[in-house]
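**Q** Got a predicted structure here, sequence first:
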Amino acid sequence: MTTSPTEQHAADPDERRSGTSTVRYVAGKVGGALVSLVFVVALGFFLFRMIPGDPLVTMTRERPTGPEQLAHLRERLGLDQPVWQQFLDYVGGLVQGDFGTSYMHRRPVAEMIAERVAPTLLLVGTATVLAVLLGLWLGVRAAWRRGGMFDRTQTGIALALWSMPQFWLGLLLLIATQGVFPSRGMTSVDPPDGFALQALDVGWHLTLPCLTLLLVIYAQYMLVMRSSLLEEMGADYLRTARAKGLRDDLVRRRHAVPNALLPTMTLIFLQFGMVVSGTVTVEAVFSWPGLGLLTYESLRGPDLPVLQGVFVILAGSVIVMNLVADLLYRVVDPRVRAS
Amino acid sequence: MTPLLELQDLGVTYRTAGGEVEAVRGVDLALEPGETVGIAGESGSGKSTVVASVLRLLPKSAKVTGRVLLDGEDVGAMRWGRLRAARWSEASVVFQGAMHALNPVRRVGKQIAEPLRLHTGASAAEAEARVHELLAQVDLSAAKAKAYPHELSGGQKQRVMIAMALACAPQLVIADEPTTALDVIVQAQVLDLLGRLVEERGIGLVFITHDLSVLAATCSRIAVMYQGLIVETGNAKEVITAPRHEHTKALAAAFPEVGDPVSRYAPATAEPLPEEGERDPQSPVLLSARELRVHFRDRAGSAVAAVGGVDLDVRRDEIVALVGQSGSGKTTLARTLLGLQKPTAGGVYYDGGPVPTSASGLRDYRRRVQLVLQDPNSALNPRHTVYESVAEGPRIHGLDADEPGTVVAALEAAELRPAEQYLTRLPHELSGGQRQRVVIAGALALNPSVLVADEPVASLDASVRGEILGLLLRLRRQLGLAGLVITHDLGLAWNIADRVAVMYRGELVEVGPVEQVLLEPRHDYTRALLAAMPSPEPDDVWPAG
């Protein structure tokens, strides 16, 4: 035969897919994320209007207030307007980066959120990185020797920790460490001089809240990595790798894990956003000055502008992380890149 | 001279939940350097277990008895380090299904280089040069080293697999179904390549396949495996022309020789075929394409004609075979005929009128023209019982009159008898042939007038193949059902089709009665397809030493 298959397959119309360019792919994903964000803003606004409790009552609890003053306050906060008008004003402000003004503190919400973002990122970031490393390592080991002693005990421990309430585990750790680590705040009342010492001080304060979060969340990374690797275990290309004479750990490291990591990666990013929203309890227990604590404090009002602002930021971070996962997946998996 | 590979009374038993299963029993086989031995058998015959036992790749649940001698050395007695060193450098495997045997997220060049770096201690640069050399040997350009498996066609992946097997210049290569799922022209190239390697390098080749005609064209000796036993062994030509064992006969009959009058309108089926009734040569045209064009845009944005001006008629009571190699546009044509793909120009006509474009009109049309897919394993929902799978079509189309009756009748028509026995079964409890019958029953339940079948037997065992083809032929003769069978298998056309349409690069280059097209081909491409079919002529057999 003289027909060259190389050329024939190059012009293979049956296997041709409509080529979506990278730009169109990215634009599509970003557009989808923006639509989700709009929904979140609307949902956030109306959801918090349903919380029982009148913010005016809380604000005036300490002082006797006449009906005229109340009406005046209502007018100043814009609460006399119909709900749809309040919503339009709110959205208009958001577009300009204005999250409104806190009822309780009379400060711009954007400013309050800004100073709380860094502590939360520090806590969640550290806990997530450690949890991912620990979870992936345990997951790979457990799957490779499925049903073995390691697998059974580690899966059991991870599930037990995953099912524990964060505040309870946090309190347990507090009791167990007997005051070796500080129980509240991010810095000492009287912080030491010098950057290195300050960093050490923060790290010392970080230990317990970070450990609590880490212990609760690592299970999901471990279990997903485990099941994802188990799915690859029977794959034909692993048999090929073994037939080539590779050592068992090379088969695992070079061939099995890279494939099993793909579905796990999406979860890591998706969960990062979720973990940020889930810090309310840990931050409340350890008085960690982050977004979670801010939420906790504002719920007492309810300080609607703050709650809405935090809600938008937290939900937005989930959406953004999901977007990052989608884009990164395209970089890592050659098959997604092609289609 | 020590044989390269010697199997002595090899037996493999798997421990399963349901007890012990003897996969291989008492297999004796020897292979000299420069020799090609074929092992023929279907899925479940134990041939893949034999492959795995040579490099000790069996799962832990397998118990091995007897001995495997690799160049005189007992594989079972090797220490782990010695075994790893022997793997791939002394014997390598071209695994079945290159699609899955290659790591999807590693570039193929890296995968070919891997055993080189491991066994020969080659530097990265040396390995790269050698990879390019190996790719050239299998007729692939050096640039393909940078490709990921999914970027290559089936034939290219298969050749990457072969290049990988040759990486460490082993003395023994085991090729497990290296050409299954490839079309005839690519198959001919792969066979040619393997033949050259045996001839030029004096390696020993164990060739495993269910297709006897391929073995006939490549091997000096053949061993036929059935249910874990070697039931027949001998000179390749003798085994094929004068098979002694029943199973060998069945395998030999499954792949007819085009032109052999015995197999014309006679697929290898155990059930008798009904007599051919009166046939009206001018029976009405049911499905037709007129000047049909389908264009796609490629990545650069320019239009590519997948289907470039096709005229085709399928009449009542007629089976038309649409043949061509992969990439010829035959699947696109079929999709367009079914209304799954919009034509760029031209039209599809059913029963005299154009195919409707409205949603309800299309739905009604698709009830009349049913599709049977290649792989029954993925066509059936693994969690649906046979009853649900077959009843789904009538439910979607709102044909609620006597559903159980319809399902039973469809199963009976697809020759799953007694139908009641199959109703509650799940796909994994059925054999490959039975699954394909369930798919066909699902189509029949809608009482269609045309059946479009895309490679209906390509993923089935040889012995089942004849049964399914027999079923299609019986349906045509008994119900007058029209069929359009898409295939790369000319033997299939010879077995059951009335007319053949040969497709090449989006156009029908030759259409006519089977005898005329296949025996007196006029177009070069048809001749090329016929020439690429493996034939057991003596001068095609490779020298045995």
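**A** Okay, I see it. Since the model is a prediction, treat every value here as computed from it, not as a measurement.

**Q** Need the per-residue pLDDT for the residue most central in space within chain A.
**A** Centroid-nearest residue in chain A, with Cα atoms, centre = their mean: A:Gly273, separated by 1.9 Å. For A:Gly273, the pLDDT comes out at 74.

**Q** And it, which helix or strand is it part of?
**A** According to DSSP states H and E, A:Gly273 maps onto helix A:257-277.

**Q** Just the CA atoms of that helix, as PDB, please.
**A** C-alpha atoms of helix A:257-277 as PDB (Å, rounded to 0.1, in the frame of the first residue of the first chain):
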ATOM      1  CA  VAL A 257      -0.500  10.000  40.400                       C
ATOM      2  CA  PRO A 258      -0.400  12.600  37.500                       C
ATOM      3  CA  ASN A 259      -3.600  11.100  36.100                       C
ATOM      4  CA  ALA A 260      -5.300  10.800  39.400                       C
ATOM      5  CA  LEU A 261      -4.400  14.400  40.300                       C
ATOM      6  CA  LEU A 262      -6.600  15.900  37.600                       C
ATOM      7  CA  PRO A 263     -10.000  15.400  39.200                       C
ATOM      8  CA  THR A 264      -8.500  16.200  42.600                       C
ATOM      9  CA  MET A 265      -7.200  19.500  41.500                       C
ATOM     10  CA  THR A 266     -10.700  20.900  40.600                       C
ATOM     11  CA  LEU A 267     -11.800  20.000  44.100                       C
ATOM     12  CA  ILE A 268      -8.800  21.700  45.800                       C
ATOM     13  CA  PHE A 269      -9.700  25.000  44.200                       C
ATOM     14  CA  LEU A 270     -13.400  24.600  44.600                       C
ATOM     15  CA  GLN A 271     -13.000  23.800  48.200                       C
ATOM     16  CA  PHE A 272     -10.600  26.700  48.900                       C
ATOM     17  CA  GLY A 273     -13.500  29.100  48.400                       C
ATOM     18  CA  MET A 274     -15.700  26.900  50.600                       C
ATOM     19  CA  VAL A 275     -13.100  26.800  53.300                       C
ATOM     20  CA  VAL A 276     -13.000  30.600  53.400                       C
ATOM     21  CA  SER A 277     -16.700  30.700  54.000                       C
END
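
**Q** Only the buried residues of it, if you could.
**A** A:257-265, A:267-277 (16 or more other Cβ atoms under 10 Å in any protein chain shown). (Each C-beta comes from the backbone N, C-alpha and C, glycine too.)

**Q** What lies in contact with the helix or strand following it?
**A** The helix or strand immediately downstream of helix A:257-277 is helix A:280-285, counting by DSSP H and E. Taking contacts as Cβ atoms under 8 Å, 6 or more residues apart in numbering or on different chains, the residues outside helix A:280-285 that touch it are A:120, A:123, A:165-167, A:170-171, A:209, A:212-213, A:288-293, A:295-296.

**Q** same thing but at 6 Å, please
**A** Helix A:280-285 is contacted by residues A:Gln166, A:Phe167, A:Gly170, A:Pro209, A:Thr212, A:Leu213, A:Gly290, A:Gly292, A:Leu293, A:Thr295, A:Tyr296 when judged by Cβ atoms under 6 Å, 6 or more residues apart in numbering or on different chains.

**Q** same question, stretch B:195-212
**A** B:4, B:31, B:33-40, B:42, B:47, B:171-177, B:218-219, B:240, B:251-252, B:255, B:462, B:542.

**Q** Buried ones among the contacts of helix A:280-285?
**A** A:Gln166, A:Gly170, A:Pro209, A:Thr212, A:Leu213, A:Gly290, A:Gly292, A:Leu293, A:Thr295, A:Tyr296.

**Q** Determine how far the top helix by length along chain A lies from the middle of the whole chain.
**A** In chain A, taking DSSP state H as the definition, the longest helix is helix A:195-233. On the basis of Cα atoms, centre = their mean, to the nearest Å, helix A:195-233 sits 13 Å off its chain's mean C-alpha point.

**Q** again with stretch B:255-275
**A** Using Cα atoms, centre = their mean, the offset of stretch B:255-275 from its chain centre is 20 Å.

**Q** Not counting it itself, show me its contacts.
**A** By Cβ under 6 Å, 6+ apart, stretch B:255-275 touches B:211, B:213, B:253-254, B:466-467, B:469-470, B:477-478, B:490-491, B:494-496, B:518-519.

**Q** Inside helices: which ones of those?
**A** Cross-referencing the contacts of stretch B:255-275 against helices under DSSP H gives B:213, B:253-254, B:466-467, B:469-470, B:477-478, B:490-491, B:494-496, B:518-519.

**Q** what's the farthest-apart pair in these?
**A** Greatest spatial distance among the ones in helices among the contacts of stretch B:255-275 (Cβ to Cβ): B:Ser213 and B:Gln478, at 30.3 Å.

**Q** Name the residue in those two with the higher neighbour count.
**A** B:Ser213 (20 against 12; other Cβ atoms under 10 Å in any protein chain shown).

**Q** interface residues of the stretch 101-250 of chain A facing chain B?
**A** A:Asp236, A:Tyr237, A:Thr240, A:Arg242, A:Ala243, A:Lys244, A:Gly245 (Cβ under 6 Å from any Cβ of the partner chain).

**Q** and with 7 Å instead?
**A** Within the stretch 101-250 of chain A, the positions near chain B by Cβ under 7 Å from any Cβ of the partner chain are A:Ala235, A:Asp236, A:Tyr237, A:Arg239, A:Thr240, A:Arg242, A:Ala243, A:Lys244, A:Gly245, A:Leu246, A:Arg247.

**Q** Pull the contacting residues for the second one.
**A** Just to be clear, that refers to A:Asp236. B:Phe95, B:Gly97, B:His100, B:Ala101 (Cβ atoms under 7 Å, 6 or more residues apart in numbering or on different chains).

**Q** quick one: pLDDT of the closest residue to the last one other than its chain neighbours?
**A** Excluding its sequence neighbours, the residue lying closest to B:Ala101 (Cβ to Cβ, 6 or more residues apart in numbering or on different chains) is B:Phe95, at 3.9 Å. Note for B:Phe95: predicted pLDDT of 88.

**Q** Make sure B:Phe95 is actually in contact with A:Thr240.
**A** Yes: judged on Cβ atoms under 7 Å, B:Phe95 makes contact with A:Thr240 at a distance of 5.8 Å.

**Q** Residues that sit against both of these two, list them.
**A** By Cβ under 7 Å, 6+ apart, the residues touching both B:Phe95 and A:Thr240 are B:Ala101.

**Q** The stretch 51-200 of chain B: helices as residue ranges?
**A** Along the stretch 51-200 of chain B, counting by DSSP state H, counting those that start in this stretch, helices occupy B:80-86, B:98-101, B:108-120, B:124-137, B:154-166, B:184-201.

**Q** So what touches the second one?
**A** Contacts to helix B:98-101, defined as Cβ under 7 Å, 6+ apart, come from residues A:Ala235, A:Asp236, A:Tyr237, A:Thr240, B:Phe95, B:Gly154, B:Lys157, B:Gln158, B:Val160, B:Met161.

**Q** Turn the residues you listed into CSV, columns for distance to B:Ser302.
**A** CSV is the format used below for the contacts of helix B:98-101 (distance: Cβ to Cβ, whole Å):
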residue, distance to B:Ser302
A:Ala235, 37
A:Asp236, 37
A:Tyr237, 35
A:Thr240, 38
B:Phe95, 37
B:Gly154, 25
B:Lys157, 27
B:Gln158, 29
B:Val160, 28
B:Met161, 32
